[in-house]
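Enquirer: Coordinates only, no sequence provided:
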């Protein structure tokens with residue numbers, strides 16, 4: 001079990017990133033934001049800039065689409081690292097045809113060994129209908145497997161729906177809600 005990991009799950013635009021940022025701010029630790037998104041178009045660039053502006057200047061932002069394990073391994077005691085998000089990280093590896101099990105093993109090993117606190121944001125994609133194409137079905141299965149592995153290792157798992165958090169496993173720090 002990763003005693004230093006909190007997982008925050010939710011649908012697209014559910015408020016999971018905002019809540020995860022609150023967890024980090026509430027911790028009082030030095031904040032690191034690990035962004036896994038790749039910027040391919042102006043819409044994504046605008047979204048990334050909006051997120052950066054909303055977070056403020058007291059975050060160290062690291063953009064890394066693949067090697068989250070390396071960045072997490074470099075985090076130190078007294079820091080809290082927000083990995084936003086595992087879904088885009090998984091998508092990056094899936095589209096690059098990397099070995100997803102091996103990449104997930106490396107990610108979890110880095111989290112287990114890190115002295116930092118880690119908050120992982122991930123999308124819950126299993127609540128909708130079965131996708132019609134093979135790639136989307138493969139992604140949905142891979143995302144579900146990743147979420148199960150992350151949640152199984154985490155001490156705290158929080159779901160977010162309509163901006164409202166609900167604890168699935170463990171407990172939140174006093175005064176956070």
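Expert: On my side now, so go ahead. Note that the structure is predicted; figures quoted are calculated from it, not measured.

Enquirer: And the pLDDT for residue 127?
Expert: Turning to residue 127, the model gives it a pLDDT of 86.

Enquirer: what does residue 76 give?
Expert: You'll see residue 76 listed with a pLDDT of 98.

Enquirer: Next: residue 40.
Expert: At residue 40, the model reports a pLDDT of 89.

Enquirer: Looks to me like it is in a strand.
Expert: No: per DSSP: H, G, I helix; E, B strand; the rest coil, residue 40 lies outside any strand segment and is coil.

Enquirer: How much space separates it from residue 92?
Expert: Here residue 40 is placed at a distance of 11 Å from residue 92 (CB to CB, to the nearest Å). C-beta here means a position set from N, CA and C on the backbone, and glycine is covered the same way.

Enquirer: Checking the most centrally placed residue in the chain next. Helix, strand or coil?
Expert: Compute the mean C-alpha point of the chain, and by CA atoms, centre = their mean the closest residue is residue 121, 2.6 Å away. Using three-state DSSP as the criterion, the local structure at residue 121 reads strand.

Enquirer: looking at it, it is touching residue 82, isn't it?
Expert: Yes: counting by CB atoms under 8 Å, residue 121 does reach residue 82; the two are 7.1 Å apart.

Enquirer: Give the residues shared as contacts by these two.
Expert: Residues touching both residue 121 and residue 82 by CB atoms under 8 Å, 6 or more residues apart in numbering: residue 20.

Enquirer: Would you pull up how far the helix or strand bottoming out on mean pLDDT in the chain lies from the middle of the chain?
Expert: Least confident helix or strand, the chain: helix 42-55 with a mean of 89, by mean pLDDT, DSSP states H and E. Relative to its chain's centre, helix 42-55 lies at 17 Å (CA atoms, centre = their mean, to the nearest Å).
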